[in-house]
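1. dropping a prediction and its sequence here:
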Amino acid sequence: MIEEISIIRAVLGGDVDSFRLLVQRYQRPVIKMIKNLISDHHICEDIAQDVFLIAYKKLANFDPARSSFSTWLFTIARNKSLNALKKKRPLSMSNLPENSDSPAFPNPLIQKEFFDRLDQVLQTLPSKQKTAFVLAEFEKLPYGDIAQIEGVRIGTIKSRINRAKKKLRSALKDLDGDIL
C-alpha cells in the first residue's frame, strides 16, 4: 500500500509514466473480475481500459484514508461492469476463473453439465447477489472490501452471498448434493 501511495503521488506530481506500474499490477485482477460479471473477453478488455482511464483521470479523488487503491479500483470496475450490463450487452458466465476451487469430477461430461448449470443459475441471480458472490468466491475479496465496493454494510453483503449460495445449492443439488 505504501508503494502504491508513492506511485500515486508520483503520478499526481506529473510523472504520468508511473501510472503504468499500477496498470501492470492490477490489469489481470480487474479484467478477471469484469469477466466474472460480463464474461465476453472483448467487452471485458474494453471495460478494463475504461476503468484505468477513469482511475487515471480521477486519481486525485482517491483517498487512502477511506480505502485501499485496489478497493477503489474494483469499485470503478464494478460500476463500469454494471453500466455495461444495463446496456443489455451479452451475458455469460461459461468461463469460470482459472484459479477457482472447482470440485473434482469423475467425468468430463458431468463437469461440463455442472458448469453449464452453474452458468445458467448465476445468470438468474439478482445482480446485487451475483456481484457479491463473484467478488467473494471468484475474486476472494474480504467481505469488508466488498461492502465498501458495493456501498453497503457488511451484514448486507453476508446476506446477499448467503442467499446466492442457497439458490445455487438448490439449483445444483440434483447434480451433486454437497458441492457448494
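-> Everything's here; your move.
2. please parse the protein into its domains.
-> According to automatic domain parsing, the chain comprises the domains 1-91, 93-180.
3. how far away from the center of its chain is the first one?
-> Right, the one you point to is domain 1-91. 11 Å (CA atoms, centre = their mean, to the nearest Å).
4. residue contacts, the residue nearest the centre of the chain?
-> Among the residues of the chain, the one closest to the centroid is residue 33, at 3.0 Å (CA atoms, centre = their mean). Residue 33 is in contact with 74, 77, 78, 81, 134, 135, 138, 139, counting by CB atoms under 8 Å, 6 or more residues apart in numbering. All C-beta spots, glycine's among them, are computed from the backbone N, C-alpha and C.
5. ok, back up a step: any idea which of the domains of the chain scores lowest on pLDDT?
-> Least confident of the domains of the chain, judged by mean pLDDT, is domain 93-180 with a mean of 77.
6. which residues of this structure fall in helices?
-> Ranges of helices in the chain, per DSSP state H, are 2-12, 19-37, 41-57, 69-86, 108-124, 127-133, 143-150, 154-172.
7. got the buried residues for the fourth one?
-> Going by neighbour count (16 or more other CB atoms under 10 Å), the buried part of helix 69-86 is 69-78, 80-81, 84-85.
8. then the first one?
-> Neighbour counts using 16+ other CB under 10 Å place 4, 7, 8, 11 of helix 2-12 among the buried residues.
9. what's the answer for the last one, then?
-> Along helix 154-172, these residues count as buried under the neighbour rule (16+ other CB under 10 Å): 156, 157, 160, 161, 163, 164, 167, 168, 171, 172.
10. same question for the shortest one.
-> Across helix 127-133, burial judged by 16+ other CB under 10 Å covers 128, 129, 130, 131, 132, 133.
11. can you lay out those residues as JSON lines showing distance to residue 118?
-> Converted to JSON lines, the buried residues of helix 127-133 look like this (distance: CB to CB, whole Å):
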{"residue": "128", "distance to residue 118": "19"}
{"residue": "129", "distance to residue 118": "14"}
{"residue": "130", "distance to residue 118": "12"}
{"residue": "131", "distance to residue 118": "16"}
{"residue": "132", "distance to residue 118": "16"}
{"residue": "133", "distance to residue 118": "11"}
